[in-house]
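In: Attaching a predicted model along with its sequence, questions to come.
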Amino acid sequence: MMLGICYYPEHWPKSQWAQDAKEMRELGLTYVRIAEFAWSRLEPSQGTFTFEWLDEAIETLAAEGLKVIMCTPTATPPKWLIDAYPDILAVDVNTGLVRGFGSRRHYDFSSEDYRREAMRISDVVAQRYGSHPAVVGWQTDNELACHDTTPSASDSALAAFQGWCEQRYGTIEKLNEAWGNVFWSMEYPDFQSIDVPYFAVTEVNPSHSLAYRRFSSDQVIRFHDEMVSIIRKHAPGRFVTHNFIPMSDTQTDNYALAKDLDFSSFDNYPLGRTDLFFADEDTEQFKRYMRTGHPDFSSYYFDQTRGLSQKNFWIMEQQPGPVNWAVHNPRPEPGMIALWSWVAFAHGADTVCYFRWRQAAFAQEQMHAGLKRVDNSPSAAYPEVQQVKAELDQLNINLNDPLHYRVAIVSTTTNQWVSEIEQQGQSYRHEKVEFEYYNALRLLGLNVAFVSPEHSLTDYDLVVVPTMPIISDAFIKNCEATDATIVFGPRTGSKTDEFQYPRNLGPGKLQSLLPAKVLSVETLRGDIQEKLNFNGEQFHSNRWREELLPGDNCEVVARYEDESPAVVKSGNLYYVGTLSCSDFLTNLLGKLAVEKGIATHILNEDVRTVERGDYRFIFNYAGTPVRVDAFADADFVIGSHELDAYGYAIAKR
């Protein structure tokens, strides 16, 4: 397990580089990521390259034994390129206005001019550094699709979408039928008359919207796959990765985006994510985790990232202090940089890179902390990184140590698309629904794998599908092939592949496995709670409630207050027709885990545990010490049963 840093030599005088590299080595860092935003310095005008400074920077880092991760600089096309090809700029799908130059990610995935130029600069950089002995790996672009940049309403995107539709549907008659365009006289006479699904008076056709999201995702994947191919051509034997942001933010099929990578990476900012997640939530809950991040937020994204490639992952950017981009930007509590680092390692990270070496003195991120301040003094995070390095050296954990999974969550980006297009109730948020199931499993002390619907389920004993409106035939076969207990959440099977209501009612295709029907759906305000009776106890039903009709061989497991079915089962399959409180999910999933012989560990609500290889990791997100007695026979190698405030312990299993 290694540590790394993100470094921008172009931001600092050359006279400082050698000392920076020396201090990086002394801190115990191994990897340095560079050049992801350096296009204007590498090519100040078209065809004129100035690589000398980057050559020198790499040699300076290599002289201290540091290993370089090179990036393609395509996240920030320079001004001269925008002036030469204005169609590079995307058109905002909310306003219809051309997005301007002066920030980052200002390009349209459907611009053929940009695709050509992006691949050209990627080819040039990969040729120059592909075989450099100090360059051990590559990162593609940077945080693909962040800032809502997957879709565009440009002429380029529209023309590409029309071609995509013709290829998918074949005839305009089939498209009109698939989208139900007879409704509101929305029928198109030909493919060239199709418009983008934005700027209408009221709701646009959900089938049209879903098609456009699929198309936009395909454009990102096409762009990325070509870039990966170029790097592999010129950099044999080097790894290729990408630094993902939270899956819900990309509007892209991340499983497809990751398929050609050696492993996936993630940019981890727990405090900003907590602030955004609780933007419309209880203030007390947010305040509790304001300076720590919610105990499950980081691991939720870590487990998703590992699931993309089904391999260990990297943290390419780890928050080192206050950032600049969230609604509010508190500082981490003392000890959290170290704790977050170990949470990443515990969930399968092989390397943690901190962002950034030194706080920038200028431009948009000057309020974003680094390991060093602008005056070059060590920030509060610096000694915590020293601590993590010392502990890594002490443990010397094998990178091949496996994580122990008996529980899996099945997720797809299509779930999110459907739920966003047809929210049905403002209290329903796809990411929150998925997170609630994940949170319940983590409160039970369980390791949780994330898999796609195409992934085999035979390796797991408990499988959770928080919501899957569109079910594929491949997923049905995977369900048939496993003996695992499978729990389906509400909305599962509620739509056809083209976003129509299934003619046999919900849960659609799932009825071939579980004989129950959804007769109607109601959505409620988030502050409305009604009784839910399960296993002799009373819980709460809220936000989303389905009226279920159990079929033959279908048992009612939980009931609403009026005694109508809320949860039903058939064999090893459970269907939950409502959203509910955390206590209900913990009780239900805990009961099912025990029935499958899976050991659960119900700990203090601020404490989490996870297993990797021969080690058990225990983390305390509370501001007060906590004693953990659940693992009486543990052989602690770091810490003890007594966890400090914001502390952690590591024990031999």
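Out: On my side now, so go ahead.
In: what residues go with each domain of this structure?
Out: Domain assignment for the chain by automatic domain parsing gives 2-148+220-395, 407-595, 610-652.
In: how about those in a markdown table, adding distance to Glu177 and mean neighbour count?
Out: In short, each C-beta sits where N, CA and C put it, glycine included. Formatted as a markdown table, the domains of the chain follow (distance: least, C-beta to C-beta, whole Å; neighbours: other C-beta atoms under 10 Å):
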| stretch | distance to Glu177 | mean neighbour count |
| --- | --- | --- |
| domain 2-148+220-395 | 25 | 19 |
| domain 407-595 | 9 | 19 |
| domain 610-652 | 49 | 18 |
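In: Need those in JSON lines (columns: mean pLDDT and distance to Trp179).
Out: Below are these laid out as JSON lines (pLDDT from 0 to 100; distance: least, C-beta to C-beta, whole Å):
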{"stretch": "domain 2-148+220-395", "mean pLDDT": "96", "distance to Trp179": "19"}
{"stretch": "domain 407-595", "mean pLDDT": "96", "distance to Trp179": "7"}
{"stretch": "domain 610-652", "mean pLDDT": "93", "distance to Trp179": "45"}
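In: Which of those domains sits closest to Gly180?
Out: Nearest to Gly180 among the domains of the chain is domain 407-595; the distance by C-beta to C-beta comes to 6.2 Å.
In: Need the distance between the two termini of the closest one.
Out: 13 Å (C-alpha to C-alpha, to the nearest Å).
In: Pull the distance from that domain to the chain's centre.
Out: Distance, stretch centre to chain centre, for domain 407-595: 21 Å (C-alpha atoms, centre = their mean, to the nearest Å).
In: biggest strand in the chain by residues?
Out: Counting residues, the longest strand found in the chain (DSSP state E) is strand 537-550.
In: how about the domains of the chain in TSV, adding distance to Met186?
Out: Below are the domains of the chain laid out as TSV (distance: least, C-beta to C-beta, whole Å):
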stretch	distance to Met186
domain 2-148+220-395	19
domain 407-595	14
domain 610-652	50
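In: Which of those sits closest to Ala211?
Out: Shortest distance between Ala211 and those, using C-beta to C-beta, is found for domain 407-595: 8.0 Å.
In: buried set for stretch 596-607?
Out: Of all the residues in stretch 596-607, those buried under the rule 16 or more other C-beta atoms under 10 Å are Ile598, Thr600, His601, Leu603, Asp606, Val607.
In: what's the closest non-adjacent residue to Ala338?
Out: Nearest non-adjacent residue to Ala338, counting by C-beta to C-beta, 6 or more residues apart in numbering: Glu384, 4.2 Å away.
In: Kindly report the same for Asn478.
Out: In space, Asn478 comes closest to Leu457 once its chain neighbours are excluded; the distance is 5.0 Å by C-beta to C-beta, 6+ apart.
In: hang on, the one you found packs against Val451?
Out: Yes. Using C-beta atoms under 8 Å, Leu457 is in contact with Val451, at 7.3 Å.
In: which residues do these two both contact?
Out: Contact criterion C-beta atoms under 8 Å, 6 or more residues apart in numbering; residues shared by Leu457 and Val451: Ala408, Val410.
In: Can you list the buried residues in the helix or strand that contains Cys165?
Out: Per DSSP states H and E, Cys165 falls inside helix 155-169. Neighbour-count burial for helix 155-169, counted by 16+ other C-beta under 10 Å, picks out Ser156, Ala157, Leu158, Ala160, Phe161, Gln162, Trp164, Cys165, Glu166, Tyr169.
In: quick one: contacts of that helix?
Out: Residues from elsewhere that reach helix 155-169 (C-beta under 8 Å, 6+ apart): 87, 90-91, 108-112, 151, 175, 178, 191-192, 194-196, 211-212, 215-216, 218-219.
In: just the helices in the stretch 501-650 of the chain please.
Out: For the stretch 501-650 of the chain, applying DSSP state H, counting those that start in this stretch gives helices covering 582-595.
In: nope, the stretch 351-500 of the chain is what I meant
Out: Under the criterion DSSP H, counting those that start in this stretch, the stretch 351-500 of the chain contains helices at 381-395, 413-421, 430-443, 473-480.
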